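> here is my input; please provide its structure:
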Amino acid sequence: ASPSPARGPSSSPESSPNSSAMAGWNAYIDNLMADGTCQDAAIVGIDSPSVWAAVPGKTFVNITPAEVCILVGKDRSSFFVNGLTLGGQKCSVIRDSVLQDGEFTMDFRTKSTGGAPTFNITVTMTA
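I've put the predicted structure just below:
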C-alpha cells in the first residue's frame with residue numbers, strides 16, 4: 001500500500017533503511033506545511049509500518065507501528081469507546097471511513113491536556 005498523510009509508525013525517516021528512497025516525501029510534507037494552516041503531517045507505510053516523512057520535532061514523527069496497526073486493523077469499534085493515540089497524543093475518533101471504498105479517511109480530535117488547545121486530525125489511506 002502507498003503512504004498517506006497523517007499516518008505512521010515509530011522509526012524516523014533518518015533511521016529508516018529506505019531513507020534515501022523516502023527523502024522525496026519531505027517535499028510533500030513541506031508543501032502541506034507551507035501556508036501555516038496545517039500544524040503537523042506525516043506520511044507512513046502500512047505494509048511495514050514506518051514513518052516515511054514527518055515534521056521534525058512535532059507529534060506525528062513519533063507515530064508507532066502499534067498505532068498504525070490499530071488504524072488499519074479489523075477492530076473498528078474499540079477506539080470509539082477507548083480513543084486512541086497518534087504519536088502518543090490522545091485522540092477521540094469522530095468518523096471512521098478508512099476501510100470504506102471511495103472514502104478511505106478517518107477524522108479525530110485531540111484531547112486537551114492541561115487546558116491546551118485541541119486540533120482536528122484527518123487520516124487518509126491510499127492504495
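> what is the end-to-end distance of stretch 78-98?
As for stretch 78-98, its first-to-last residue distance stands at 15 Å under the measure C-alpha to C-alpha, to the nearest Å.
> and what of stretch 108-120?
With C-alpha to C-alpha as the measure, the ends of stretch 108-120 fall 6 Å from one another.
> quick one: mean pLDDT over that stretch.
The average of the pLDDT scores along stretch 108-120 is 93.
> report the buried residues of that stretch.
Within stretch 108-120, the residues that count as buried by 16 or more other C-beta atoms under 10 Å are 108, 110. All C-beta atoms are positioned from the backbone trio N, CA, C, and that covers glycine.
> same check, this time on stretch 56-69
58-65, 67-68.
> and whatever helix or strand residue 92 lives in, which residues are buried?
When secondary structure is defined using DSSP states H and E, the element that contains residue 92 is strand 89-96. Neighbour-count burial for strand 89-96 flags 89, 91, 93, 96 (criterion: 16+ other C-beta under 10 Å).
> partners of the next helix-or-strand element following that strand, with directions?
Toward the C-terminal end, the helix or strand that comes next after strand 89-96 (DSSP H and E) is strand 105-110. Strand 105-110 has the following sheet partners, assigned by DSSP bridges: strand 89-96 (antiparallel), strand 120-124 (antiparallel).
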